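Colleague: Return a 3D structure for these sequence lines:
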Amino acid sequence: MSFITKLKSAFGNSNASKTVATQDTTDAIMKDVDNKPFAISDQNVLYAGLNELGGYFCFQTVIVGTLEVKTKKGAQLTIVGKDLNLVLKSESVEFETEATALKGRMVTKIDFQIDEKNAGKIDPLKIDELTLNCKKHEIVFTAIAHDQKQ
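Modeller: All right, here's what the predicted structure looks like:
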């Protein structure tokens, strides 16, 4: 934290304190959850992976953080990367965030429809950004490229 930010925080600037608390929250989420994060935003961590059952593919996501939503209109996930621009729609139009035992930490599970040819394009090393749109929320996640040895 910079000197100015510390100073503002000491004198009660809530924005400076909020920035520190947010960073602590995303770091704490990644530390607390055993799985590797797929992407991260300012206040949320996205865990994701492809799943196939009987030739039917879906991109399963779990968002842990401050996102709190209840919708009957579904969600859209835009995935952008090297030679990649996919727009996926949620499988279910109804979903709801669940609270966790930790105050201020929520969990939102959303599965997205994806066809077989596009499923093969989902490579964490080639994805730059994911944007989730649902209800009045737009969250931009930055992909976390994982070393294949991990």
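
Colleague: Show me how the record splits the chain into domains.
Modeller: With domains defined by automatic domain parsing, the chain comprises 1-32, 35-143.

Colleague: want to try CSV for those domains, with mean pLDDT and mean neighbour count as columns?
Modeller: C-beta here means a position set from N, CA and C on the backbone, and glycine is covered the same way. Below are those laid out as CSV (pLDDT from 0 to 100; neighbours: other C-beta atoms under 10 Å):
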stretch, mean pLDDT, mean neighbour count
domain 1-32, 53, 13
domain 35-143, 93, 16
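
Colleague: which residues does the residue nearest to the spatial centre of the chain bridge with?
Modeller: Taking C-alpha atoms, centre = their mean, the centroid of the chain lies closest to residue 46, which sits 2.8 Å from it. Note on residue 46: beta-bridge partners by DSSP bridges are residue 39, residue 63.

Colleague: do the same with residue 87
Modeller: residue 78.

Colleague: Please report the distance of it from residue 114.
Modeller: Between residue 87 and residue 114 the computed distance is 10 Å (C-beta to C-beta, to the nearest Å).

Colleague: Overlap in contacts, the two.
Modeller: By C-beta atoms under 8 Å, 6 or more residues apart in numbering, residue 87 and residue 114 have no common neighbours.

Colleague: In contact with the residue nearest to the centre of the chain, which residues are there?
Modeller: So residue 46 contacts 37, 38, 39, 40, 61, 62, 63, 130, 132, 141 (C-beta under 8 Å, 6+ apart).

Colleague: Output these as TSV; include the columns distance to residue 92.
Modeller: Shown next, in TSV, are the contacts of residue 46 (distance: C-beta to C-beta, whole Å):
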residue	distance to residue 92
37	23
38	20
39	21
40	24
61	12
62	14
63	15
130	19
132	15
141	20
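
Colleague: what sits up against the helix or strand containing residue 118?
Modeller: Taking DSSP states H and E as the criterion, residue 118 maps to helix 116-119. The contact list for helix 116-119 (C-beta under 8 Å, 6+ apart) reads 50, 52, 55, 57, 59, 86.

Colleague: out of those residues, who's nearest residue 80?
Modeller: Of all the contacts of helix 116-119, residue 80 sits closest to residue 86, with 8.1 Å by C-beta to C-beta.

Colleague: Once you drop chain neighbours, what's closest to the closest one?
Modeller: residue 79 (4.5 Å; C-beta to C-beta, 6 or more residues apart in numbering).
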